[in-house]
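Student: What would the 3D arrangement of this be:
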Amino acid sequence: AGISLVLAVILVLVNRFFHVDVDERYELILKTLPNINCGACGYPGCAGMTEGLLKGEAKPEQCKPGNEVIYAKIRAILKGENPDEVTA
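Tutor: Next up is the predicted model:
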């Protein structure tokens, strides 16, 4: 029981020390992209494109399989708006 307690404390401390905040927009953008992972945008898949968008290095229009609805939703997410309220 003592060893379990010590390991539990170590896990809690490691979790707090190595915690990384993730931009909540990441998952929204990734779900909005077509997720074909074609690389036509110049990034290694949709995850790479999402990171580029969040860094301001990419534009939604770089997603070749995308359309105006997808581009508008991504722009809304980047502005902090609700993408479900967007129409092209």
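Student: got any ranges where this structure has weak pLDDT?
Tutor: Along the chain, segments meeting pLDDT under 70 span 87-88.
Student: what's the spacing between the helix ranked longest in it and its chain's center?
Tutor: Longest helix of the chain, by residue count under DSSP state H: helix 2-17. Remark: helix 2-17 is offset 29 Å from the chain centroid, using C-alpha atoms, centre = their mean, to the nearest Å.
Student: what's around residue 63, how many residues?
Tutor: Neighbour count for residue 63, taken as other C-beta atoms under 10 Å: 23. All C-beta atoms are positioned from the backbone trio N, CA, C, and that covers glycine.
Student: Would you confirm that it contacts residue 32?
Tutor: No: contact between residue 63 and residue 32 fails when scored by C-beta atoms under 8 Å: they sit 9.6 Å apart.
Student: how about the nearest residue to the residue minimising distance to the centre of the chain, chain neighbours excluded?
Tutor: The C-alpha lying nearest the average C-alpha coordinate of the chain belongs to residue 26 (C-alpha atoms, centre = their mean; 1.8 Å). Nearest residue to residue 26 in three dimensions, chain neighbours excluded: residue 50, at 5.9 Å (C-beta to C-beta, 6 or more residues apart in numbering).
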